[in-house]
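# Got a predicted structure here, sequence first:
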4 protein chains.
Amino acid sequence: MSERIRVAVLGAAGRMGSTVVQAVEAADDLELVASLDASDDLGAVTAAGAQVAVDFTVPSVTEANVHALVDAGVHVVVGTTGWDDAALGRVRDHLADRPGVGVLVAPNFALGAVLALAFARQAARWFESAEVVELHHPNKVDAPSGTAQHTARAIGAARAAAGLGASPDATSTGLDGARGSVVDGVHVHAVRLRGLVAHEEILFGNAGEQLTIRHDSFDRVSFMPGVLLGVRRVGALPGLTVGLEHVLDLG
Amino acid sequence: MSERIRVAVLGAAGRMGSTVVQAVEAADDLELVASLDASDDLGAVTAAGAQVAVDFTVPSVTEANVHALVDAGVHVVVGTTGWDDAALGRVRDHLADRPGVGVLVAPNFALGAVLALAFARQAARWFESAEVVELHHPNKVDAPSGTAQHTARAIGAARAAAGLGASPDATSTGLDGARGSVVDGVHVHAVRLRGLVAHEEILFGNAGEQLTIRHDSFDRVSFMPGVLLGVRRVGALPGLTVGLEHVLDLG
Amino acid sequence: MSERIRVAVLGAAGRMGSTVVQAVEAADDLELVASLDASDDLGAVTAAGAQVAVDFTVPSVTEANVHALVDAGVHVVVGTTGWDDAALGRVRDHLADRPGVGVLVAPNFALGAVLALAFARQAARWFESAEVVELHHPNKVDAPSGTAQHTARAIGAARAAAGLGASPDATSTGLDGARGSVVDGVHVHAVRLRGLVAHEEILFGNAGEQLTIRHDSFDRVSFMPGVLLGVRRVGALPGLTVGLEHVLDLG
Amino acid sequence: MSERIRVAVLGAAGRMGSTVVQAVEAADDLELVASLDASDDLGAVTAAGAQVAVDFTVPSVTEANVHALVDAGVHVVVGTTGWDDAALGRVRDHLADRPGVGVLVAPNFALGAVLALAFARQAARWFESAEVVELHHPNKVDAPSGTAQHTARAIGAARAAAGLGASPDATSTGLDGARGSVVDGVHVHAVRLRGLVAHEEILFGNAGEQLTIRHDSFDRVSFMPGVLLGVRRVGALPGLTVGLEHVLDLG
């Protein structure tokens, strides 16, 4: 029988962190060796002999956590938001000095969301028209969602690379806002509806046909297969990896 | 065997009119007795002994056609757009002097569209949230569609009558237009995609559940069952009837 | 200020019952006066002065509960499954002797599901084709769902009443089961997918158009608005009422 | 200015062939040099100096056409159905002796359909559950469609390669056919509805999330971008290529 991977969870008292704790405990090939809350000392991770740490803390501490863990030779899977290019660059530089250590930073661990984005990238150049509709619960404060904007930018980049111009649109009269917001040339619409969680529809059209990619996220447990996949593979991915799609071998 | 209804088609050279001509000819219980184009004299309708006339002409002539046909004692089914309350009022007054004659004016003859609107009216008071998404071909010049605006007004009116306020929406940051246009308090989004024809989704949400009503219109032949239903029943509906829903016994 | 309605909940320790307890406690116009579990004596309902009782117990005791409550002059809202025509008939007979008391038995309290069924009934006669697709979590033991079968029977009855035959279907070759099960002439398909809860799509088609009615049930809290509506209105509905649609004034 | 590619169309009087003729004539970089019907001699293709031939004929003649065209050094794009492994093998062998000639045989030229299949292959290993629903016009004689069966086999193969067993399904009671047909372990459902053309939904589910890929084919013009892409690229793809996905660089 193979050894189990020894895992620490940072931010273990949070909603995502506590779900990760349960998921690690339920996995036969993983062993939970440390659960840290905001007040706990990071030294507990190495003291417990953790090989991989999962960070679902808060934007203000996540970067410092990662650098400390890299120094300690612990691989890290990061789900905390708030990473920008500068912060990622500092981790990449740090890892250049620690060739055996891997860090995976992923803005989204839902496999379906990651696949939807990857498929949108692949499909974008083949269609005359593309639009994005996202639907969320009405307590969400931003519109459109970060995921939908990210999708639109990916579609816009793929269209530009293929030499496609804007999607055709003869609209010349109507009501303000009807055609949604525009992100890198792609129209993005945000629906808010009681009862929903987080949903995205990516629509592509050519003469005579439509291709739709839809992702429905009902519950944060949907992130767990992606988190556990990251835990299992980060040790074999030295350096910095940004985005779960690279772990899925989708380019 | 029952007598066939004698039917005249006005605007017979147009796209809708010519489709009506074919549909009437294909119906066992109807007899096409006159097909008039823009240059033809309206006298041909009575000369041919038509009992019912179908008007798919243009906004500039449709009202005059209807008054002349009412004078001649011919029932009329009107699919031409451009009717406002004043024009409808004039026909209603005229019909008060001609108690045996019926005129049906319908903005939409697609049974599915008429039912979708009727269902939206019935459902609106029972849900905390409601939004409308319409999707059309990219050559359409107005956004959102007249049908979607009509649906939103009907939902808004039903919500107001039930004492409901606005749908919940915590949006406080984001991009202009993301939340669509707002019609009588209902958010309406317009998608334009090559390959589509005319589609509408009406979304209702409560805690824990969603109800969606969707109508897809692929081809103008979808109007024919509604037009023929109007032709068959308008003779038994003296006075002015506005909207096919009243012919469907849906209130 | 108007008096609050005094409510007892039977089966209060169950999943549905405990959700009802919370919903009653959260409603300003209702007062929870008794919560009974399986071992509690029904006398507690009248002792607490309850005006309305909600029964989410088990099939083996629900009918006896209802008769005892009717004897005590308490209105009843019943969500427990297992009622057949004979049991309903016995309650109807009993209520004939208690003219002031109302009993509402509803197989489904989700407003969206009740409306979807009502709309399917109204739409059925106007379309050449109709099919039902239900989608559920993979732990469900029966296929298709009772709700989908009920919907198909309602569509079948409406089609028969309108003189419609079977939906057109030229299928002459293929694989067993591909065309689903057939309930009163309506094809019904059952999808089982991890991550789903309970969903139903009712599809209607005519030449050139499609009408789709979809209900998504994500959580049992979706039943609460319907249960509370029943609690508020059952006192004004003497006799037996079967189906929440009659409370919604949808016929 | 670059030279236009000289194109011949075989089966030019058929529905697909005549649409290809129009599409080639409308393309700036292609020149239609020959249009052959069933009675025309294949020699006209070389006489006209065609570089690429498009074959939308019938199963009984398409293989002979391809061998003759390969002998003449003309690249071929084949959309005719009826090709089996033996026939493909004979063309592959023949092409081994004609290293400069390319033949592309594609069962489906709709870009959306090809992409949907490619995405289903990529997604399949990452989800616990997978099912396919196809929807077509009611005049179709086979159920489920060949495309849906092909999709199911691709999903089944990807699941098997990843070591996944059957999708979870607790169904133990119900009606015959409710769970659809089963192709390589994947449940496939066929809906038949007046008004539809050809549609496919591929559903994937994990705990807490769903991924849906849907392709709608409304009109045979949707095949033209794929056919023209094949015409433009087949000359740079020596040997036999089966499936448009290889031309799209999707593996």
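Sure, I can see it.
# From here on, just use CA atoms for contacts and neighbour counts.
Fine.
# List the residues that contact A:Ser129.
Going by C-alpha atoms under 8 Å, 6 or more residues apart in numbering or on different chains, A:Ser129 touches A:Ser167, A:Pro168, A:Leu203, A:Phe204, A:Gly205, A:Asn206, B:Arg192, B:Leu193, B:Arg194.
# Identify, by residue count, the longest helix of chain A.
Determined from DSSP state H, the single longest helix within chain A is helix A:146-161.
# Burial check on A:Val61, number of neighbours?
Counted by other C-alpha atoms under 10 Å in any protein chain shown, the residues lying close to A:Val61 total 12.
# residue ranges of the strands in chain A, please?
Assigned by DSSP state E, chain A shows strands spanning A:5-10, A:30-36, A:52-55, A:75-78, A:102-105, A:129-136, A:142-143, A:173-174, A:181-183, A:186-192, A:198-206, A:209-217, A:239-242.
# What helices and strands are in contact with the fifth one?
This means strand A:102-105. Contacts defined by 3 or more C-alpha pairs under 8 Å, 6 or more residues apart in numbering or on different chains; DSSP states H and E place strand A:102-105 against strand A:75-78, strand A:239-242.
# winner for burial among those strands?
Greatest average neighbour count among those goes to strand A:75-78 (a mean of 28), per mean count of other C-alpha atoms under 10 Å in any protein chain shown.
# Go ahead and name everything in contact with it.
With contacts defined as C-alpha under 8 Å, 6+ apart, strand A:75-78 is touched by A:51-56, A:66, A:69-70, A:101-106, A:227, A:230-231, A:234-235.
# How about stretch A:27-42?
A:3-13, A:21, A:24-25, A:44-45, A:48-50, A:57, A:65.
# circling back to that earlier point, in the longest helix of chain A, which residues are buried?
Neighbour-count burial for helix A:146-161 flags A:147-149, A:151-160 (criterion: 16 or more other C-alpha atoms under 10 Å in any protein chain shown).
# coming back round to it: reformat the strands of chain A as JSON lines; add mean pLDDT.
Below are the strands of chain A laid out as JSON lines (pLDDT from 0 to 100):
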{"stretch": "strand A:5-10", "mean pLDDT": "98"}
{"stretch": "strand A:30-36", "mean pLDDT": "98"}
{"stretch": "strand A:52-55", "mean pLDDT": "98"}
{"stretch": "strand A:75-78", "mean pLDDT": "98"}
{"stretch": "strand A:102-105", "mean pLDDT": "98"}
{"stretch": "strand A:129-136", "mean pLDDT": "98"}
{"stretch": "strand A:142-143", "mean pLDDT": "96"}
{"stretch": "strand A:173-174", "mean pLDDT": "94"}
{"stretch": "strand A:181-183", "mean pLDDT": "98"}
{"stretch": "strand A:186-192", "mean pLDDT": "98"}
{"stretch": "strand A:198-206", "mean pLDDT": "98"}
{"stretch": "strand A:209-217", "mean pLDDT": "98"}
{"stretch": "strand A:239-242", "mean pLDDT": "97"}
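# Make TSV from those strands and add distance to B:Val33 to it.
Below are those laid out as TSV (distance: least, C-alpha to C-alpha, whole Å):
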stretch	distance to B:Val33
strand A:5-10	82
strand A:30-36	82
strand A:52-55	79
strand A:75-78	76
strand A:102-105	74
strand A:129-136	45
strand A:142-143	57
strand A:173-174	41
strand A:181-183	52
strand A:186-192	50
strand A:198-206	42
strand A:209-217	40
strand A:239-242	72
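# related to what we said a few turns ago, can I get the buried part of the contacts of A:Ser129 as one PyMOL selection?
The PyMOL selection below is limited to those of the contacts of A:Ser129 classed as buried (16+ other C-alpha under 10 Å):
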select buried, (chain A and resi 167+203+204+205+206) or (chain B and resi 192+193+194)
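# Nearest to C:Ala113 among the contacts of A:Ser129?
Here the nearest of the contacts of A:Ser129 to C:Ala113, counting by C-alpha to C-alpha, is A:Leu203; it sits at 27.8 Å.
# List, one by one, the residues from chain A near chain C.
Counting by C-alpha under 8 Å from any C-alpha of the partner chain, chain A comes close to chain C at A:Gly195, A:Phe218.
# Up against chain D, what does chain A have?
Counting by C-alpha under 8 Å from any C-alpha, the residues of chain A near chain D are A:110-113, A:115-116, A:119, A:123, A:126, A:206-222.
# returning to that earlier point: show me what the longest helix of chain A is in contact with.
By C-alpha under 8 Å, 6+ apart, the list of residues contacting helix A:146-161 from outside reads A:117, A:120-122, A:124-125, A:130-134, A:165, A:183-188, A:200.
# Just to check, A:Thr173 is in contact with B:Ser145?
No - A:Thr173 is beyond contact range of B:Ser145, at 10.3 Å (criterion: C-alpha atoms under 8 Å).
# And those two? Which one has more around it.
Between A:Thr173 and B:Ser145, counted using other C-alpha under 10 Å, B:Ser145 has the larger neighbour count: 24 against 11.
# Quick check: the closest residue to that one other than its chain neighbours vs D:Gly89, distance?
Once flanking residues are discounted, B:Ser145 sits nearest to B:Glu134: 7.2 Å by C-alpha to C-alpha, 6 or more residues apart in numbering or on different chains. Distance from B:Glu134 to D:Gly89, counting by C-alpha to C-alpha, to the nearest Å: 49 Å.
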